[in-house]
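Colleague: my questions are about this predicted structure, shown below with the sequence.
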Amino acid sequence: MLRGPTLSRIRLYPIKSLGPVEVTQVRIGPTGGLESDRVWALYASDGRWINGKRTPAVHCIRARFADDRSSVGLSAPESGHGPAPATFAYPEDGLGAAGWFSSYFREPVSVRCAEGGFPDDDLAPGPTILSTASLEAVCAWFPEISLEQARLRFRANLEIGGMLAFEEDRLFATDKEDIVEFRVGDVKFEGSNPCARCAVPPRDPFTGESIPNFQKRFTELRLAHLPAWSPASRFDHFYRFAVNTRIPASEVGKTLRLGDPVTIRKQPY
């Protein structure tokens, strides 16, 4: 029996800018993101996030969570400096973790906690979505990147199997004032816009080493391979990949599960 697109991977980023936790199901949180996603964020003394856009030093930090995500172990074994590995209660012990991060970054760091998370896009704070086929296409453009490395570089929350490459571009509308309504299982989504990328994807997710001219090459190839269904008017530049979403308040508390079908406007996708 043929199946349409389904949810094939769910990844949470409990500490914004650090590594993922892979799960088989997740509930929708109070502000339309995923529960436990980006609940901690690191802030410098100037009030700005400490993230991969600011410094490649974040790539050397390893965050290993207990199975129930009640604690996190922090280490930086490949950095050549920094504090000894330590474990902290999560999300309660942000103060203790702040001390560890301050020692690592060699500057004062605070850890802020928000139950609803710290999304990159306040206008579309839902999970980011892309297809497995799109990641595979990017790996073909950059043979030095494995599929798992591509996942770590682009950091999407939800990955869809059974789509064509860049078919997730169907999930946002030609007019920026419009939305595309779709479902993943029982959860309603609103597709918002193609996600603008930053300085992180060119970098090795473990060392921070960059691929030369990555952004320029990616932009040229994204344009050259833009499918006919992609709303080209939504690309002010073509260094965009994955889809930003919103989830209506009515969906808070519902659960996404691996294998959930993807449907659009109440019709099979």
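Modeller: Now that the structure is in, tell me what you want to look at. Residues are numbered from 1 along each chain as shown.

Colleague: how does this structure divide into domains?
Modeller: 6-32+119-268, 40-113 (automatic domain parsing).

Colleague: in CSV, list these along with mean pLDDT and mean neighbour count.
Modeller: No exception for glycine: its C-beta is placed from N, CA and C like everyone else's. Output for the domains of the chain, formatted as CSV (pLDDT from 0 to 100; neighbours: other C-beta atoms under 10 Å):
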stretch, mean pLDDT, mean neighbour count
domain 6-32+119-268, 95, 18
domain 40-113, 95, 16
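
Colleague: quick one: contacts for Glu144?
Modeller: By C-beta atoms under 8 Å, 6 or more residues apart in numbering, the contact set of Glu144 is Ile211.

Colleague: any idea which element it lies in?
Modeller: Following DSSP states H and E, there is no helix or strand that holds Glu144.

Colleague: ok, Gly253 to Lys16 distance?
Modeller: 23 Å (C-beta to C-beta, to the nearest Å).

Colleague: for stretch 217-228, give me every contacting residue.
Modeller: The contact list for stretch 217-228, computed with C-beta under 8 Å, 6+ apart, reads 137-138, 141-142, 164-167, 169, 197, 201, 232, 235, 237-241.

Colleague: quick check: longest strand of this structure.
Modeller: Secondary structure of the chain per DSSP state E: the longest strand is strand 187-196.

Colleague: can you list the strands that that strand pairs with?
Modeller: Strand 187-196 pairs in its sheet with strand 180-184 (antiparallel), strand 240-246 (antiparallel), by DSSP bridges.

Colleague: will you turn the ones you listed into CSV that also has distance to Gly32?
Modeller: What follows is the strands paired with strand 187-196, written out as CSV (distance: least, C-beta to C-beta, whole Å):
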stretch, distance to Gly32
strand 180-184, 13
strand 240-246, 6
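
Colleague: so which of those gets nearest Glu190?
Modeller: For these, proximity to Glu190 was assessed by C-beta to C-beta; strand 240-246 is nearest, at 4.3 Å.

Colleague: tell me the first helix or strand C-terminal of that closest one.
Modeller: strand 255-257.

Colleague: what's the very next helix or strand once past that next one in contact with?
Modeller: Note on strand 255-257: by DSSP H and E, the next helix or strand toward the C-terminus is strand 262-264. Residues from elsewhere that reach strand 262-264 (C-beta under 8 Å, 6+ apart): 4-7, 160, 162-163, 170-171, 180-184, 269.

Colleague: what's the answer for stretch 162-179, then?
Modeller: Stretch 162-179 is contacted from outside by 3-6, 8, 129-134, 136-137, 160, 180, 182, 189-194, 225-227, 229-231, 233-234, 242-243, 245-246, 262, 264, 269, using C-beta under 8 Å, 6+ apart.

Colleague: kind regards, and thank you for your time.
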